[in-house]
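**Q** Got a predicted structure here, sequence first:
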Amino acid sequence: MENRIRKVRQELQELNLDGVIINNPSNRFYLSGFTGSAGTVMVTEQSAMLITDFRYTEQANNQAPHLEVVEHDLKKMDTLQELISREKLKKIGFEEDFETFSTVEKQLKEKIPSVEWVPTQNLVEKFRVFKSPEELKALQKAVDLADQALEHICGFIKPGMKEKEVSLELEFFLRKNGARGSSFDIIVASGPRGSLPHGIASDKEIKAGELVVIDMGARLDGYASDVTRTFAIGKAGEKEREIYDTVLKAQLEAIEGIKPGISGQDADKFSRDVISAKGYGDNFGHGLGHGIGIDVHESPRLSPISDSNLEEGMVFTVEPGIYLPGWGGVRIEDIVVMEANGVRSLTGAPKEFKII
């Protein structure tokens, strides 16, 4: 944590700022380890503080021992102003992509006019792109739990069940085994609903002969996982196998081809070329993947319009798919980490075509 604070201080020097306030919960957690729902991290050249209220003071002291914990009363801005005066700050950054116009104008600028408030972009996020060994361990735990949940659900699904029943069982399994919950609303999309890339579980009954797309992840120790597998229920025809094999080949070729320094655009092309060659290019309508860590969707991006360069230490998903309206869809998704010679998959769930 202290190394992360040092990096922020280096950014302050480069931006000619006396300090910065961090309210984005994910960035706040990254710098402090604090998991409470209310708090502000303020970093200056000499100090690093976590400002929170009575409800969280004890928790903050336990989770963020490297920061000065400051308890504010009902008027948080008064406490912030006192700290700014104490530190003799004149030029302070705020997170432009997180703070609302109303917050900046009516709280910061209006109530503390003695300070020059400067918008910043990606001041913390740029560091979060590269995962430390400790973060990789946390991510692996979250991925392992998602893998276990998928294994469990394969023995649970039966024809006639509603998609929501499957989703609830996955949520229960994750929580029972230590997760704070699922990383996002669990996707269970069967039969024709499989053509919806974000087909949140519904009241539809799962029928024999259908494919079912399950996209889920665990939130564990502050980090999120995200894995997708597509299964056949009871039986499968030639078209189901053909499309599944195409998506699997597209994913495997991307995983094999992605190397340090490649652009997100070129990484996407590995899978897109395979799918297009089979005539389904128009049915792969999203990017190949996205970064993941504290948030489910982070930088970098892998897509036809991505300008990200993929570098060692980055963690991202590889998730090609084919979606046919009225028929269904297939998606296969792993989380990978970029290493010196290419990517290594953190996801261990089997990928061979499976009939449940």
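**A** Right, received. Where do you want to start? Residues are numbered from 1 along each chain as shown.
**Q** any idea of the mean pLDDT for stretch 342-354?
**A** Averaged across stretch 342-354, the pLDDT comes to 97.
**Q** Go ahead and measure how far that stretch is from the middle of the chain.
**A** 18 Å (C-alpha atoms, centre = their mean, to the nearest Å).
**Q** just stretch 240-248 next, same as before
**A** On the basis of C-alpha atoms, centre = their mean, stretch 240-248 sits 27 Å off its chain's mean C-alpha point.
**Q** do stretch 203-219 as well
**A** Worked out by C-alpha atoms, centre = their mean, stretch 203-219 lies 21 Å from the chain centre.
**Q** Just the buried residues of it, please?
**A** Going by neighbour count (16 or more other C-beta atoms under 10 Å), the buried part of stretch 203-219 is 204, 206, 210, 211, 212, 213, 214, 215, 216, 217, 218, 219. Heads up, the C-betas are built off the backbone N, CA and C, glycines and all.
**Q** Which of the residues you listed fall within strands?
**A** 211, 212, 213, 214, 215, 216, 218, 219 (DSSP state E).
**Q** Nearest to residue 23 among the residues you listed?
**A** Of all those, residue 23 sits closest to residue 219, with 20.4 Å by C-beta to C-beta.
**Q** Now do the same contact list for the closest one.
**A** 142, 179, 180, 181, 182, 183 (C-beta atoms under 8 Å, 6 or more residues apart in numbering).
**Q** re the thing from before, redo the buried residues of stretch 203-219 as a markdown table? Include distance to residue 114 and pLDDT.
**A** Formatted as a markdown table, the buried residues of stretch 203-219 follow (distance: C-beta to C-beta, whole Å; pLDDT from 0 to 100):
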| residue | distance to residue 114 | pLDDT |
| --- | --- | --- |
| 204 | 59 | 98 |
| 206 | 62 | 98 |
| 210 | 64 | 97 |
| 211 | 62 | 98 |
| 212 | 59 | 98 |
| 213 | 55 | 98 |
| 214 | 54 | 98 |
| 215 | 49 | 98 |
| 216 | 49 | 98 |
| 217 | 45 | 98 |
| 218 | 46 | 98 |
| 219 | 40 | 98 |
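**Q** If you rank the contacts of residue 219 by neighbours, which is first?
**A** residue 142 (29 neighbours; other C-beta atoms under 10 Å).
**Q** Okay, helices next: where are they in the stretch 251-356 of the chain?
**A** Ranges of helices in the stretch 251-356 of the chain, per DSSP state H, counting those that start in this stretch, are 264-277.
**Q** list the contacts for the closest residue to residue 237 other than its chain neighbours?
**A** Closest residue to residue 237 apart from its sequence neighbours, by C-beta to C-beta, 6 or more residues apart in numbering: residue 209 at 7.5 Å. By C-beta under 8 Å, 6+ apart, the contact list for residue 209 reads 232, 233, 234, 235, 236, 237.
**Q** Identify the residue nearest residue 139 in space, chain neighbours excluded?
**A** residue 223 (5.1 Å).
**Q** Hmm, I typed the wrong one, I wanted residue 87.
**A** In space, residue 87 is closest to residue 44, 5.2 Å off (C-beta to C-beta, 6+ apart).
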